[in-house]
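Q: sequence and predicted structure below; questions after.
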Amino acid sequence: MKKAAEKTALHPRNRHRGRYDFAALIDSHPPLAAWVQVNQYGDESIDFANPAAVRMLNQALLQHFYQIENWSIPDGFLCPPVPGRADYLHHLADLLAADHHGVIPRDLNLLDIGCGANCIYPLIGYREYGWRFTGSEIDPHAMKAANAVIQANPGLSRAIRLRRQKDPQAIFSGIMHKNELYHASLCNPPFHASAAEARQGTERKLRNLQLDTRAPLNFGGQHNELWCEGGETGFISRMIAESVTFARQCLWFTSLVSRKENLPALRRALETAGAREVRIVEMAQGQKQSRFIAWSFYEPAVRARILAG
Ligand SMILES: C[S@@+](CC[C@H](N)C(=O)[O-])C[C@H]1O[C@@H](n2cnc3c(N)ncnc32)[C@H](O)[C@@H]1O
């Protein structure tokens, strides 16, 4: 097992910058104790190759830091690395604060495209900033699981609602209703272009973790979660093209972009779409560099007026 990477490059407000404090996590979520062991470096850790252990760690993190008492995902669904997911939300908060005199606005509506079974962005975004979320999802099983989490935690159903996307090629239509205004949309898109490519990606991840490539992927992932037609660029390009129709209904459209080589094509698509502003927000998690792309059809002064209420 590899030594845990330092996480100092995480956003300054990220609650996961230090090493995991297993004693504190076990205090909040006692069942984690059975999964913690001392690794070859003499540090307390869990077996990151074991999906059940990773799921248990996530339950403890969500309980300890975000007061999510009941969180679970069905077997085989994507088990998100919580620190990285939180980072996107903190950087997004900064983007919105820039239009709001540097103060993070609280009374906001956000749209999470493809919230998954784990519903991770709405959960963290609501607990960190009090934002309301609409989550969209094409997979009925994922949606059922996400809804179960919302129902199982008092107060969440007032802040998070889910809408089923019936057309896998569509992003906003059927989800953003007429007259609704969102302050930002966010998305962790399926990034592979085919099932075979997804499998290769899984094997690469396991090799990097120095694990058996025949092992089940610890972070899981159903086919909808991992791949779609055209891969990441295809998905985000569809999102860009569709955002033109919804240009006045969202102040900032954003999406993670896992491969920086995809950025030039996305920039071209945004130029064609007539986006007024485009930002690339770099994020780093340990060794891994990631980023999100953000675009707006609004002038900054108008965004500021809307955010001011
Ligand atoms: C990479 S997963 C992200 C899940 C979760 N947001 C996370 O970060 O762990 C992508 C999700 O998008 C969903 N999805 C794929 N196409 C979609 C579409 N057109 N509209 C909404 N969701 C979609 C998939 O079913 C999957 O749950």
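A: Here it is on my side, so go on. Remember, it's a predicted structure, so these values are computed and weren't measured experimentally.
Q: pLDDT value on the closest residue to the ligand within the chain, please?
A: Here the residue of the chain nearest the ligand is Gly114; by CB to the nearest ligand atom that distance is 2.2 Å. Bear in mind the C-beta positions are built from the backbone N, C-alpha and C, glycine included. The model reports Gly114 with a pLDDT of 97.
Q: just how off-centre is stretch 265-285 within its chain?
A: 18 Å (CA atoms, centre = their mean, to the nearest Å).
Q: and stretch 28-47, by the same measure?
A: With CA atoms, centre = their mean, you get 25 Å for stretch 28-47.
Q: mind listing what's buried in that stretch?
A: By neighbour count on 16 or more other CB atoms under 10 Å, the buried set for stretch 28-47 is Ser28, His29, Leu32, Trp35, Val36, Asn39, Ser45, Ile46, Asp47.
Q: look up phi and psi at the closest residue to the first one other than its chain neighbours.
A: Looking back up the chat, that one is Ser28. Nearest residue to Ser28, sequence neighbours excluded (CB to CB, 6 or more residues apart in numbering): His64, at 3.9 Å. Dihedral pair for His64: phi -70, psi -50, per degrees, to the nearest 10.
Q: surely the residue of the chain closest to the ligand is in contact with Glu137?
A: Yes. At 6.2 Å, Gly114 counts as touching Glu137 under the criterion of CB atoms under 8 Å.
Q: now do the helix or strand hosting Ile26: which elements does it pack against?
A: Element membership for Ile26, per DSSP states H and E: helix 22-28. If contacts are counted by 3 or more CB pairs under 8 Å, 6 or more residues apart in numbering; DSSP states H and E, helix 22-28 sits against helix 51-66.
Q: related to what we said a few turns ago, next one: the helix holding Ile26 to chain centre, how far?
A: Distance, centroid of helix 22-28 to centroid of chain: 24 Å (CA atoms, centre = their mean).
Q: when you give positions from now on, start the count at 4
A: Taking 4 as the first residue, the last one we looked at is helix 25-31.
Q: pairing partners for the helix or strand following it, with directions?
A: Tracing the chain C-terminally past helix 25-31 and defining elements by DSSP H and E, one meets strand 40-41 next. Partners of strand 40-41 in the sheet, by DSSP bridges, are strand 47-48 (antiparallel).
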